[in-house]
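Student: mind looking at a prediction? Sequence and model below.
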Amino acid sequence: MTVLDRRLPEGFEELERFVDRWAGESVEARVAAREESAMDDIREFYDAMLARANDAAALIESHNLHDLPDPVANLCKMLLGLAHAASAVEFIGAPRVRMAPYPTGVRVLRGPQPFG
C-alpha cells in the first residue's frame, strides 16, 4: 500500500480493513454499521480498535479537531464507531437492541461535530 492509498495514519495499517464499515460520516452511519453487522464482525472490530484506542486518541488530540487530515479524520470516526461497537459487545450482546423495532425510526438530526 502506498502513502496515497492509505486511509489511516501511518502505524494504524492493521485497522485499514475496518474503514469502509466503521468510519461513518455521521452518528446514523455508525449506528447502521453496528445494526447491520454480524456479532462476530463487531467483536473483531471492537477488539482490534480497543487495542489501539489510546494511541488513536493521542494522535487525534495532537491535531485541531476541525482541521484533521483525512487519514486522521478516518481514525477519529473509527474511534467514534468503537463506542457503537462497545454498546453491542459490552451491554446489548447483539448488534441491535432485542425486542425493539428495526429500523428504529429514530433520526439524529445533529450529532457531535465535526462528525455528527
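Tutor: Received the coordinates, thanks. Numbering: from 1, shown residues only.
Student: quick one: contacts for the residue nearest the centre of the chain?
Tutor: By CA atoms, centre = their mean, the chain has its centre lying nearest to G81, at 2.2 Å. Taking CB atoms under 8 Å, 6 or more residues apart in numbering, we find G81 in contact with F18, W22, A23, G24, R30, A33, R34, F45, M49. Where you see a C-beta, it was placed from the backbone N, CA and C, and this is true even at glycine.
Student: does it sit in a helix or strand, and which one?
Tutor: Applying DSSP states H and E as the criterion places G81 in helix 70-86.
Student: from the middle of its chain, how far away would that helix be?
Tutor: 4 Å (CA atoms, centre = their mean, to the nearest Å).
Student: where in this protein is pLDDT low?
Tutor: 1-5, 99-112 (pLDDT under 70).
Student: so which residues of it form helices?
Tutor: Along the chain, the segments classed as helices by DSSP state H run 19-22, 27-35, 39-61, 70-86.
Student: closest to H63 among the contacts of G81?
Tutor: Using CB to CB, A23 comes nearest to H63 of those, at 16.0 Å.
Student: L82 is in contact with that closest one, correct?
Tutor: No: the criterion here is CB atoms under 8 Å, and A23 misses it with L82 at 10.9 Å.
Student: how close does A56 sit to I92?
Tutor: 23 Å (CB to CB, to the nearest Å).
Student: comparing the two, which shows the higher neighbour count?
Tutor: A56 (22 against 16; other CB atoms under 10 Å).
Student: ok, that one - contacts?
Tutor: Taking CB under 8 Å, 6+ apart, one finds F12, M49, L75, C76, M78, L79 in contact with A56.
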